[in-house]
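# Provided below for reference: sequence and predicted model.
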Amino acid sequence: MTTFDLQGIGMTSARTRKRLIERLKEAGVKDHEVLSAMFSVPRHIFVDEALAHRAYEDTALPIGHAQTISQPYIVARMSELLREKGPLGRVLEVGTGSGYQAAIMARLAQSVYTVERIEPLLTRAVKRFRALRLDNIYSRLSDGSWGWQEKAPFDGIIVTCAPSVIPPELLDQLVDGGRLVAPVGEDGAQVLKVYQRTGDRFVEKTVESVRFVPLLPGVVR
Ligand code: SAH
């Protein structure tokens with residue numbers, strides 16, 4: 001059985017978490033709602049116990065299965081970009097991983113639908129959502145290249161693994177006026193992109209260089 005050090009939320013000193021927030025502000029994150037979500041969601045719950053002492057550093061950390069929990073700066077930046085046009089209703093995340101980005105989005109959107117292709121990662125993430133009582137997160141094991149058709153359309157889509165091109169199915173699942181944030185490109189040459197939908201047109205903007213694990217096909221049990 002997995003247990004979580006929920007006590008630790010209180011025990012992680014406010015100073016440690018405040019330092020992370022200061023670091024995010026210095027890096028250019030401005031959205032107060034995002035900063036407040038980053039302050040209140042305990043990141044150490046989303047990494048192995050052995051790495052918990054590094055959870056409030058602004059760095060990506062391994063979560064097993066050759067995957068990583070994203071760097072706090074990039075989680076904050078992508079959340080901010082997704083929220084830029086106002087409050088969010090339904091959000092789809094591709095790549096649940098540790099569940100951390102979904103937990104942040106759960107504070108910023110009405111509901112979060114998150115899909116992951118590696119079953120043991122998803123199982124662990126779901127336990128964390130339950131322990132933190134994040135009951136507006138819905139998840140499923142699947143290849144997120146196809147989105148989540150039954151739950152579409154979404155106001156926002158956040159992709160946390162990198163496809164070489166954005167699957168058209170994902171763009172199709174955005175509401176009119178919705179936006180998608182994703183790292184795009186091959187290893188070593190990825191850029192963070194925002195796609196804004198107006199009718200059947202998409203305006204694309206490139207934000208900055210990033211490093212993500214690749215979006216891979218199929219499901220691993
Ligand atoms: N958002 C995560 C980041 C995890 S890394 C977090 O906050 O921890 C990216 C994740 O995307 C990995 O867990 C990887 O297994 C998953 N992934 C890669 N390709 C995928 C696909 N086609 N469908 C769903 N998930 C995928």
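Perfect, I can see it now.
# Pull out the buried residues from the helix or strand where Glu208 lies.
Applying DSSP states H and E as the criterion places Glu208 in strand 201-210. Neighbour counts over strand 201-210 (16 or more other Cβ atoms under 10 Å) mark Phe202, Val210 as buried. Placement of C-beta: from N, CA and C, glycine included.
# mind listing what that strand pairs with, with the direction of each?
strand 190-198 (antiparallel) (DSSP bridges).
# pLDDT (mean, whole number) over the strand it pairs with?
Mean pLDDT, taken over the full extent of strand 190-198, equals 98.
# quick one: is it near the ligand?
No - against the ligand, strand 190-198 shows no contacts by Cβ under 6 Å from any ligand atom, the least distance being 12.6 Å.
# Now do the same for the residue lying closest to Asp155 once chain neighbours are set aside: its pLDDT.
In space, and not counting its chain neighbours, Asp155 is closest to Gly89: 4.6 Å by Cβ to Cβ, 6 or more residues apart in numbering. Per-residue pLDDT puts Gly89 at 98.
# was I right about Gly89 contacting Gln110?
Yes - between Gly89 and Gln110 a contact is recorded at 4.8 Å, counting by Cβ atoms under 8 Å.
# Could you check how far the strand holding Glu208 is from the centre of its chain?
17 Å (Cα atoms, centre = their mean, to the nearest Å).
# From Glu26, how far off is Arg107?
22 Å (Cβ to Cβ, to the nearest Å).
# so what's the residue nearest to Asp155 up against?
Ala109, Gln110, Ser111, Asp155 (Cβ atoms under 8 Å, 6 or more residues apart in numbering).
# neighbours around the residue lying closest to the first one once chain neighbours are set aside, how many?
Leaving aside its sequence neighbours, Ala109 sits nearest to Leu88 (Cβ to Cβ, 6+ apart; 3.9 Å). The burial count assigned to Leu88 is 21, neighbours taken as other Cβ atoms under 10 Å.
# contacting residues for Pro183?
Taking Cβ under 8 Å, 6+ apart, we find Pro183 in contact with Val159, Thr160, Cys161, Ala162, Gln190, Val191, Leu192, Lys193, Val210, Arg211, Phe212.
# Arg211 is in contact with the fifth one, correct?
Right, the one you point to is Gln190. Yes - counting by Cβ under 8 Å, Gln190 touches Arg211, with 6.4 Å between them.
# So which residue is smack in the middle of this protein?
The C-alpha lying nearest the average C-alpha coordinate of the chain belongs to Gln101 (Cα atoms, centre = their mean; 3.0 Å).
# can you list the weak-confidence ranges in this structure?
Scanning the chain for pLDDT under 70 picks out the ranges 1-12.
# for it, what spans make up the strands?
Assigned by DSSP state E, the chain shows strands spanning 61-64, 67-69, 88-94, 109-116, 137-141, 154-159, 174-184, 190-198, 201-210.
# Mind listing residues that contact the first one?
Going back to what we said before, that points to strand 61-64. Counting by Cβ under 8 Å, 6+ apart, Phe46, Val47, Asp48, Leu51, Arg54, Ala55, Thr68, Ile69, Gly97, Ser98, Pro120, Leu121 sit against strand 61-64.
# beta partners of the residue nearest to the fifth one when sequence neighbours are not counted?
The shortest distance from Arg54 to any residue other than its chain neighbours is 6.2 Å, reached at Leu61 (Cβ to Cβ, 6+ apart). In this structure, Leu61 bridges to Ile69 when assessed by DSSP bridges.
# ok, so what distance separates Leu61 from Val181?
21 Å.
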